[in-house]
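>>> just need the structure, nothing else, for what follows:
(chains A, B, C and D)
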2 protein chains.
Amino acid sequence: MTAETPSRNAEPAGSGGNATIKEVARLARVSVATVSRVLNDKGPVRDETRQRILEVVRSLSYVPHGAARSLTTNQTDTLGVLLPDIYGEFFSELIRGIDSAARRRGYHVLVSGSHEDREEVQAVLRTLRGRVDGLILMTPSADMLEALRSVPPETLPTVLLNCPSTSLPFDSLNVDNRGGARAMVRHLFGLGHRRIAFIQGPLDNHEARERLGGYRDAVRALGAEMDPALEIRGDFSEEAGCRAGERILAVRPRPTAVFAANDAMAIGCLYALREAGIEVPGEVALAGFDDIPIARYMSPALTSVGVPIAELGALAMERLLDAMRQKGSRPPRHESLPPALVVRGSCGAPGVPGDRSTSRSIRKEIL
Amino acid sequence: MTAETPSRNAEPAGSGGNATIKEVARLARVSVATVSRVLNDKGPVRDETRQRILEVVRSLSYVPHGAARSLTTNQTDTLGVLLPDIYGEFFSELIRGIDSAARRRGYHVLVSGSHEDREEVQAVLRTLRGRVDGLILMTPSADMLEALRSVPPETLPTVLLNCPSTSLPFDSLNVDNRGGARAMVRHLFGLGHRRIAFIQGPLDNHEARERLGGYRDAVRALGAEMDPALEIRGDFSEEAGCRAGERILAVRPRPTAVFAANDAMAIGCLYALREAGIEVPGEVALAGFDDIPIARYMSPALTSVGVPIAELGALAMERLLDAMRQKGSRPPRHESLPPALVVRGSCGAPGVPGDRSTSRSIRKEIL
DNA sequence: CTAGGCTATGTAACCGGTTACAGTCCGACT
DNA sequence: AGTCGGACTGTAACCGGTTACATAGCCTAG
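Numbering: from 1, shown residues only, chains lettered A, B, ... in the order given. Got it, this is the predicted structure:
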């Protein structure tokens, strides 16, 4: 009972959190099994014993070793989030949504962004084995998505976010980019605009293409002007929006409205227009896409297609948790979220005060 | 040699990545030790054997199990990043910097944000044991920082980011918020402003207090007007900046310049001023802090104190890696990064064209 | 010819937990 | 009184790797 090896006995109580379950067991004079039972609230343990163990745990400030636990239970309580890039408000919102939903459920979040090529994505994906229980994946380029075919995800519960539709057997969550863009064009058309310029996103990006498609659909359907000169290249950055703005001013006849494929470009464009002395929305109406938090603080406040970004992240979490529970035996589900039209001052709609508040901006569900 | 249990033998070659090292060993007719040696490039292995093993690895698309490996090597190749909140461009920039630096070194990044209270921080910190090799911690509230005393970090290499100076034995990296604020006030003073309003950040935030301190220091030192009415409460959000802007307009005599403790509030304030028909910088000059990427696309482009956010993140990574190598036996180092004055249009400095380009904005190192 | 040394490989302990299974103890039931 | 069943606890296998040490074969120097 008292035959303790004097080797590494009772630590000074509170020095770091590196004790093992064995030490706890020894000091509490029980077996590791019992300690484990107490820690995980499994199986019956006499209350007196439990107290004794808990006491030792506290005095040692013992914390179970994550990797060790993961090894046997085969779950890591960690979710991976793989993003094409981490830049700007869109991603901070997304991560925020995912992180808070995850922590609420007791999960950790492993993020990884900015991937150059297929090789790298595959490499990262590989190293994820044994580190995460599930994966949220956002890869707007179809090519990159193919990278998944030969890598772990096949066995790892996965949710695709805003990815090109594929035959991959995963759940997917998409924003109806096409519908959102159509709605915005219709809105501008309704305000009397017939010559509407469009600032494109990067064309290897699925969302960017969908938004462009929606723009074209609506222009054609409504009989607005179709003119290649109205479609300006861009890459989702403010910088690109700014350059696009400058180019748009040179187009003749000058468009009366500009629709940017995302808010960052709309903001860049707004900057360029103002610098050129153009009045917005007086001379040119402007609209963006995403409704990032800062959009309402532009002046004029930016009209945009509202994507509930943080909620999107949270929802992806839910779906992932779902997929993890069902463990594969379940046909993949595909959902599409409808965005909303958020009308503020920049498009010159009547009855919209120059107010930033969401309540005073007009939020329309699109059909 | 051929005595294989028919139980779970040769998988269809390429089905997921769930083989174990034992299966690889069996199929390659070697021991697990040899497989391990090949995988880690340790110890001598005959080339023929190596090839055979590699072949099997490929055909099984075998990937070592992260948790298992972590258990023995006692390292997880993962770094934890604990943030007070994940919101806005500041954090997306920071995470971007950290993530890219980490991946370059072969590390994963575990983020966790938005912590309410001490309890929660401690809980998260605890669950990090055995999951990360090091920690980057940003906790501007001193109270929250105290939470660290009784938790793992004591044994975990840690770098503090923008935290209140403490006696905690960790490396720390700080931006010279006070100096930056002083420099900005000096700049505004130099432009002729004597009545400079300041929009505060949340006062339980260390950075916010430092910036406020810098403002007061400079105002006092320069003999500009000191007036409690010039200090407006805020909380770093655009919304707060907007309300502050409204309140500032009611102050009499009206300040001729406004200095916001961060860019988000400056942007909110700019919005309020424009809505009220005030011209910036004509009637009121405006300046912010952080120089988030979007600042240059405001109109007028926002003058700000430039903090190289992404670089800050990357640098934190470097320091952490350093601390991990030295493994504790090394006195904590404290560094302070000097911000730079980024002069653009919003403060009305002469000779600054309304241009967004960094090259045409004026960037001054402060002393 | 043999002791050593080097290369290539296998054996088995170990990392820190979880858990199936096997006691042990004790009160209740027949 | 003898059985039985639950409550409580311990033993040991196992998760999937890494690695110290042992072993075997072969070559070279003494």
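>>> DNA strand D contacts on the stretch 51-200 of chain A?
A:Leu71, A:Thr72, A:Asn74 (C-beta under 7 Å from any atom of the strand). Every C-beta, even on glycine, is put in place using the N, C-alpha and C of the backbone.
>>> derive a PyMOL selection command for the buried subset of those residues.
Filtering those down to the buried ones (16 or more other C-beta atoms under 10 Å in any protein chain shown) takes a single PyMOL command:
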select buried, chain A and resi 71
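>>> show only the entries of the residues of the stretch 51-200 of chain A next to DNA strand D found in helices.
A:Leu71, A:Thr72 (DSSP state H).
>>> tell me, which of the residues of the stretch 51-200 of chain A next to DNA strand D make contact with chain B?
Contacts with chain B are made by A:Leu71 out of these, judged by C-beta under 8 Å from any C-beta of the partner chain.
>>> now, which of the residues of the stretch 51-200 of chain A next to DNA strand D sits nearest chain B?
Set against chain B, the nearest of those by C-beta to the nearest C-beta is A:Leu71 (4.8 Å).
>>> not counting its neighbours along the chain, what's nearest that closest one?
Distance criterion C-beta to C-beta, 6 or more residues apart in numbering or on different chains; nearest residue to A:Leu71, sequence neighbours excluded, is B:Ala67 at 4.8 Å.
>>> A helix includes the one you found, no?
Yes - applying DSSP: H, G, I helix; E, B strand; the rest coil, one finds B:Ala67 inside a helix.
>>> what separation do you get for it and A:Asp77?
The spacing between B:Ala67 and A:Asp77, counted by C-beta to C-beta, to the nearest Å, is 11 Å.
>>> how close does A:Met265 sit to DNA strand C?
To DNA strand C, A:Met265 is 50 Å away according to C-beta to the nearest atom of the strand, to the nearest Å.
>>> where along the stretch 1-150 of chain A do the strands fall?
A:78-82, A:108-112, A:134-137 (DSSP state E, counting those that start in this stretch).
>>> which stretches of the stretch 51-200 of chain A have low pLDDT?
A:114, A:150-154 (pLDDT under 70).
>>> okay, helices next: where are they in it?
For the stretch 51-200 of chain A, the helices defined by DSSP state H, counting those that start in this stretch occupy A:66-73, A:88-104, A:118-127, A:142-146, A:177-190.
>>> could those be laid out in TSV, adding distance to A:Gly134?
Shown next, in TSV, are those (distance: least, C-beta to C-beta, whole Å):
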stretch	distance to A:Gly134
helix A:66-73	14
helix A:88-104	10
helix A:118-127	13
helix A:142-146	17
helix A:177-190	25
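>>> of those helices, which is nearest DNA strand C?
helix A:66-73 (3.4 Å; C-beta to the nearest atom of the strand).
>>> elements contacting the closest one?
helix B:66-73 (3 or more C-beta pairs under 8 Å, 6 or more residues apart in numbering or on different chains; DSSP states H and E).
>>> the residue nearest to A:Leu71 is in contact with A:Arg131, isn't it?
Yes - B:Ala67 lies in contact with A:Arg131 (C-beta atoms under 8 Å); the separation is 7.1 Å.
>>> what do the two both touch?
A:Thr76 (C-beta atoms under 8 Å, 6 or more residues apart in numbering or on different chains).
>>> how far off centre is stretch A:117-127?
19 Å (C-alpha atoms, centre = their mean, to the nearest Å).
>>> so for B:Arg344, which of the strands of the stretch 1-150 of chain A sits nearest?
strand A:108-112 (31.9 Å; C-beta to C-beta).
>>> show me the shaky parts of the stretch 201-350 of chain A.
Checking the stretch 201-350 of chain A against pLDDT under 70 turns up A:327-329.
>>> so which bits of it are right by DNA strand D?
Counting by C-beta under 7 Å from any atom of the strand, the stretch 201-350 of chain A has no residue next to DNA strand D.
>>> and the stretch 201-350 of chain A, which residues reach chain B?
So the stretch 201-350 of chain A meets chain B at A:238, A:242, A:264, A:267-268, A:270-271, A:274-275, A:293-294, A:296-299, A:301 (C-beta under 8 Å from any C-beta).
>>> and the gap between the nearest residue to A:Lys42 once chain neighbours are set aside and A:Arg50?
Nearest residue to A:Lys42, sequence neighbours excluded (C-beta to C-beta, 6+ apart): A:Ser36, at 7.8 Å. A:Ser36 sits 12 Å away from A:Arg50, going by C-beta to C-beta.
>>> kindly report the same for A:Thr166.
Taking C-beta to C-beta, one finds A:Thr166 at 51 Å from A:Arg50.
>>> settle it for me: which of the two has more neighbours?
Using other C-beta atoms under 10 Å in any protein chain shown as the criterion, A:Thr166 and A:Arg50 rank with A:Arg50 on top: 18 against 14.
>>> my read: the more buried one touches A:Leu39, true?
No - if you go by C-beta under 8 Å, A:Arg50 and A:Leu39 don't touch, sitting 10.1 Å apart.
>>> in the stretch 101-250 of chain A, what residue is nearest DNA strand C?
For the stretch 101-250 of chain A, C-beta to the nearest atom of the strand, closest residue to DNA strand C: A:Gly130, 12.3 Å.
>>> report the contact partners of the closest residue to that residue other than its chain neighbours.
Leaving out its chain neighbours, the residue that sits closest to A:Gly130 by C-beta to C-beta, 6+ apart is B:Gly66, at 3.3 Å. Neighbouring residues of B:Gly66 by C-beta under 8 Å, 6+ apart: A:Ala67, A:Thr76, A:Thr127, A:Leu128, A:Arg129, A:Gly130, A:Arg131, B:Thr76, B:Asp77.
>>> go again with 7 Å.
Neighbour list for B:Gly66: A:Arg129, A:Gly130, A:Arg131 [criterion: C-beta atoms under 7 Å, 6 or more residues apart in numbering or on different chains].
>>> what's the answer for A:Asn177, then?
So A:Asn177 contacts A:Glu207, A:Glu210, A:Arg211, A:Gly214 (C-beta under 7 Å, 6+ apart).
>>> give me that answer again for 8 Å
For A:Asn177, counting by C-beta under 8 Å, 6+ apart, the contacting residues are A:Asn162, A:Glu207, A:Glu210, A:Arg211, A:Gly214, A:Phe289, A:Pro339.
>>> ranking the residues you listed by neighbours, who comes first?
Most surrounded of these: other C-beta under 10 Å gives A:Phe289, at 32 neighbours.
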